[in-house]
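In: next input, structure requested:
(3 chains, ligands or ions: 2)
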Amino acid sequence: MGQITLNAVRKCFGEVDVIPSIDLRIEDGEFVVFVGPSGCGKSTLLRLIAGLEDVTSGGITIDGTDATELPPAKRGLAMVFQSYALYPHMSVRKNIAFPLKMAGMTPEQQEAKVQSAAKVLNLTNYLDRRPGQLSGGQRQRVAIGRAIVREPKAFLFDEPLSNLDAALRVNMRQEITELHQSLKTTMIYVTHDQVEAMTMADKIVVLNAGRIEQVGSPLTLYEHPANTFVAGFIGSPKMNLITGIEAEKLGATTIGVRPEHLDIVDSGGWSGVVGLSEHLGSDTFLKVGTKEVGTINVRAGGGITLRHGDAVRLAPRPGKVHRFGSDGKALS
Amino acid sequence: MARKSSTPAKVVVTAAAWGIGFLIFFPILWTILMSFHTEGDAIKSPFEMLTSPWNFDSYAEVQTRSNYSLHFFNSVVISVGSTLLALVIAIPAAWAMAFVPGKRTKDLLMWMLSTKMMPAVGVLIPMYLGFKNMGLLDTRTGLVGVMTLINLPIVVWMLYTYFKEIPGEILEAARMDGASLRSEILYVLTPMALPGIASTLLLNVILAWNEAFWTLQLTTHDAAPLTQFIASYSSPEGLFYAKLSAASTMAIAPILILGWFSQKQLVRGLTFGAVK
Amino acid sequence: MATQHSRLAARFMVAPSVGFLFVWMIVPLVTTVYFSFLVYNLLHPERQGWAGFDNYYYFLTDRAFLTAVWHSVALVVGVLCITVVGGILLALLLNLPFWGQGVVRVLVIAPFFVMPTVSALVWKNMFMNPVNGMFAHIAKGLGLQPYDFLGHAPMLSIIGIVSWEWLPFATLILLTALQSLDSEQQEAAEMDGANWMNRFIYLTLPHLTRAITVVILIQTIFLLSIYAEIAVTTGGGPASTTITYLVAQQSLYGNDVGGASAGGIVAVILANIVAVFVMRMIGKNLDA
Ligand SMILES: Nc1ncnc2c1ncn2[C@@H]1O[C@H](COP(=O)(O)OP(=O)(O)O)[C@@H](O)[C@H]1O
Ligand SMILES: [Mg+2]
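Out: Ligands and ions are numbered 1, 2, ... in the order given. Coordinates of the predicted model:
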């Protein structure tokens, strides 16, 4: 089991209200990603759940019991830190066995669990090494191994992939997703990278300045961003947010069109001149200066041969224009 | 130094450095040399002394005339005992200051250091009388207690600077892994900080070994460490240079060797991490 | 990592250290303060009562007091000057490339590990003794009259001995600081046309400031309480008694407990003035 509820959780550091008030329900077995720009309070929120920080007010329940006052060890959660936080003086075996030792298991029980975790994580050959002798990816796996042997109610990950290079990051991302599919344990995953959020999550929680902007599945957020912040944050390349006459024509303060929802047309639409074109083969990214809506980004097909200085006409695909009111909230 | 210096320059620097090094070391060297000669030869001119026969007589005489091994034992017990005791008291304190710092942590550290600034003479009378009343004068126990307190601020400071280099996340990981505070300190912090703890130990043993105020004031014979034993040579009777040299050599040799090993840590430790 | 649990635990963890040090500092100090206001003479146990500030008055107006203050200042300032200046020069030398750096370092640092009673006795007898000391032998060899260092210039001799003990410490710390000097910065300055002197004044010295302040702090702590060197060389005497030594003598060998206590408190106050000054300086340089 691993059902976690936050009730009006608030956290201040001295005068600073880092998290004003958060209500959130995380279902058992869910893969939840907290995503948001750097400094928005993701780590703080995770550490509140872990019990590494006290809430200023509000409550946290885990599986229906109040955990607000429980010390980290008693919450039954496991955490994977950004820096991995491995014990440098212990072998990989001892690192993974440490929580078991703390739980008072016999050496035989410990060894059995370590072996099975090592097998899952491809660490069997490295059990006698020290963390210092491992690569970044292997360290990451040891940190995960240390978390899974405890059979926690939920896993907490704080930007676990940010210290890895790009290729390894994609690999580990998939491994963690697979791990979740096989363990079916609740996972709370913090990242500032919306790609990680989109690819891994069952449910994404978008945070901004300590507030929840929107909660939903990746596709919900993509298709129905609740406000301009989420609209701009989710999706890559970023959604074009347009204000002015064109928005007012549609009865909105701001309209949003994703670059992939702009079509190159022969007549009508907005006319402009290509400023920058990046040919990736599969896609072509264009930066187009238009008279009507200023500079906008376009994601066109791979076969497009437009170059710097070419004239082009663009039209938003019908039904794919998002409208936002003066408060930034989406208009239905 | 990225560039190679010219060989003649290097020769000059080598000569100067070795010359000065030799001069600075000379008093120790001379003491050691003198300890291998007889009293009669020791007071002859330097050249005559060096050419006179070498022997171990002075060492033998120091051993028979005084209870050298007792004083050596006292020095070991007092310096090692007090440092270990200080470590036991200081490790938790340094943990708290390094990993749960508050607004007043820095003030507290400064205050601890300032207790070292208080001149011992300011409290000599009550300490002396107190020791006398409690029967602690000239006891190892009493001196271990005093030396523990004397070194405590330095031990806390040194441990604090070493602990601060350990990422707090690792201790948090231990907490998440279900470690109690005791386990966290015992199984994670202490082993990780072992090199720092070892140099703290080494340095404070050296300081305690050489401490020469309280050891001189609070001991006379039974608990007297080597500092007091050597001081008894300050009012000599008859010829004593060779014996003084032999006794001095024995008193400083162990710490000289320890000290050479701990040179590197010495800088970090004694400057509280301000110079590395 | 600051939950209420851990903060509470932290309190418990610092409590023993703080408690012991507090008691160690306060209890004897308060007792000394108390004694310092009493008429308390071991030779006249029948005389008792409050002395008011008499003990202080007598101590402060004693001519020995001002001389002792002067000697203390001379000792601390003298040794600090010699070791800091000497240490910088020596560190600059040892930082140059030469053969046998490791061995020379070991030779230079050695005196720091010698216990004060040993260094004082070795210098007093084997070097400064006007009859059998090394210096006397050298003087005689040169046809000069041997000089009685401790007899005629006791304070200077003691400053010399103590400087020998502390020069290694200053050198080692300054050398370590020098080694962390950014050589690219030096090279850049050289490209900019700065000569050796300019580089020393504008780059090296500022880089050493922190190390120098630390050296001054640590040495001051130890120099204020110099005792053994005086005890075994001159055994005090009007020409070489410092405050520390004066009060220690009065405490142990005098019978006027009240007077000695007043002296102790004066020593504490003087040391605190120095401490406040030095801690200010160091507080900026040590980031806790
Ligand atoms: N221990 C602390 N004391 C004071 N402020 C903190 C502390 N920890 C975090 N903060 C502040 O809280 C905000 C959120 O930090 P954090 O949760 O680490 O952000 P994120 O993980 O989203 O990048 C930041 O502005 C940070 O400066
Ligand atoms: Mg973070």
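In: show me where the stretch 151-288 of chain C has strands.
Out: In chain order, the stretch 151-288 of chain C shows no strands, with DSSP state E, counting those that start in this stretch as the criterion.
In: er, chain B actually
Out: Counting by DSSP state E, chain B has no strands at all.
In: below-threshold pLDDT in it: ranges please.
Out: Across chain B, the ranges flagged by pLDDT under 70 are B:1-5, B:236-239, B:276.
In: does anything pack onto the longest helix that it contains? Which helices or strands?
Out: Longest helix of chain B, by residue count under DSSP state H: helix B:68-99. Contact here means 3 or more C-beta pairs under 8 Å, 6 or more residues apart in numbering or on different chains; DSSP states H and E; on that basis helix B:68-99 packs against helix B:105-117, helix B:140-164, helix B:194-210, helix B:226-231, helix B:241-270, helix C:4-36. C-betas here are computed from N, CA, C, even on glycine.
In: and ligand 1, which of the ones you listed is closest to it?
Out: helix C:4-36 (12.2 Å; C-beta to the nearest ligand atom).
In: winner for burial among the helices and strands packed on helix B:68-99?
Out: When the helices and strands packed on helix B:68-99 are scored by mean count of other C-beta atoms under 10 Å in any protein chain shown, the highest mean neighbour count falls to helix B:226-231 (a mean of 26).
In: does any part of that one sit near chain C?
Out: Yes. Applying C-beta under 8 Å from any C-beta of the partner chain, one finds helix B:226-231 touching chain C at B:226-228, B:230-231.
In: and the residue most central in space within chain A, which helix or strand is it part of?
Out: By C-alpha atoms, centre = their mean, chain A has its centre lying nearest to residue A:197, at 3.2 Å. Element membership for residue A:197 (DSSP states H and E) is helix A:194-200.
In: next, the buried residues of that helix.
Out: Of all the residues in helix A:194-200, those buried under the rule 16 or more other C-beta atoms under 10 Å in any protein chain shown are A:194, A:196-198, A:200.
In: the helix or strand where residue A:187 lies pairs with which strands?
Out: Per DSSP H and E: residue A:187 is located in strand A:186-191. Pairing partners of strand A:186-191, with direction, according to DSSP bridges: strand A:31-35 (parallel), strand A:154-158 (parallel).
In: now those strands as TSV including mean pLDDT and mean neighbour count?
Out: Formatted as TSV, those follow (pLDDT from 0 to 100; neighbours: other C-beta atoms under 10 Å in any protein chain shown):
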stretch	mean pLDDT	mean neighbour count
strand A:31-35	97	25
strand A:154-158	96	25
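In: same list, those, but as a markdown table with distance to residue C:94 please.
Out: Formatted as a markdown table, the strands paired with strand A:186-191 follow (distance: least, C-beta to C-beta, whole Å):
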| stretch | distance to residue C:94 |
| --- | --- |
| strand A:31-35 | 55 |
| strand A:154-158 | 47 |
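In: need the contact list for residue C:45.
Out: Under the criterion of C-beta atoms under 8 Å, 6 or more residues apart in numbering or on different chains, residue C:45 has no neighbours.
In: distance of it relative to chain B?
Out: Per C-beta to the nearest C-beta, to the nearest Å, residue C:45 is found 14 Å from chain B.
In: swap in residue A:305?
Out: 51 Å.
In: in terms of contact, does residue A:121 touch residue A:147 like I think?
Out: No. Using C-beta atoms under 8 Å, residue A:121 is not in contact with residue A:147; the gap is 10.5 Å.
In: between the two, which one's more packed in?
Out: Neighbours around residue A:121 and residue A:147, counted as other C-beta atoms under 10 Å in any protein chain shown, are more numerous at residue A:147. The numbers are 28 against 21.
In: quick check, the residue in the stretch 1-150 of chain B closest to chain A?
Out: Chain A sits closest to residue B:103 of the stretch 1-150 of chain B, with a gap of 9.6 Å, by C-beta to the nearest C-beta.
In: what count of nearby residues applies to that residue?
Out: 7.
In: contacts only, for it.
Out: Taking C-beta under 8 Å, 6+ apart as the test, residue B:103 contacts no residue whatsoever.
In: circling back to that earlier point, what residues sit buried inside the longest helix of chain B?
Out: Within helix B:68-99, the residues that qualify as buried by neighbour count (16+ other C-beta under 10 Å) are B:68, B:71-72, B:74-75, B:77-83, B:85-87, B:89-99.
In: now swap in stretch C:234-244 and tell me
Out: For stretch C:234-244, the neighbour count (16+ other C-beta under 10 Å) marks C:234, C:236, C:239-244 as buried.
In: could you dump those into JSON lines with distance to residue B:173 and pLDDT added?
Out: Converted to JSON lines, the buried residues of stretch C:234-244 look like this (distance: C-beta to C-beta, whole Å; pLDDT from 0 to 100):
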{"residue": "C:234", "distance to residue B:173": "60", "pLDDT": "88"}
{"residue": "C:236", "distance to residue B:173": "59", "pLDDT": "80"}
{"residue": "C:239", "distance to residue B:173": "63", "pLDDT": "84"}
{"residue": "C:240", "distance to residue B:173": "59", "pLDDT": "86"}
{"residue": "C:241", "distance to residue B:173": "58", "pLDDT": "88"}
{"residue": "C:242", "distance to residue B:173": "53", "pLDDT": "90"}
{"residue": "C:243", "distance to residue B:173": "53", "pLDDT": "88"}
{"residue": "C:244", "distance to residue B:173": "50", "pLDDT": "89"}
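In: what about the residue of chain A positioned farthest from its centre, distance to ligand 1?
Out: No residue in chain A sits farther from the centre than residue A:267, which is 40.1 Å out by C-alpha atoms, centre = their mean. Using C-beta to the nearest ligand atom, to the nearest Å, residue A:267 is found at 47 Å from ligand 1.
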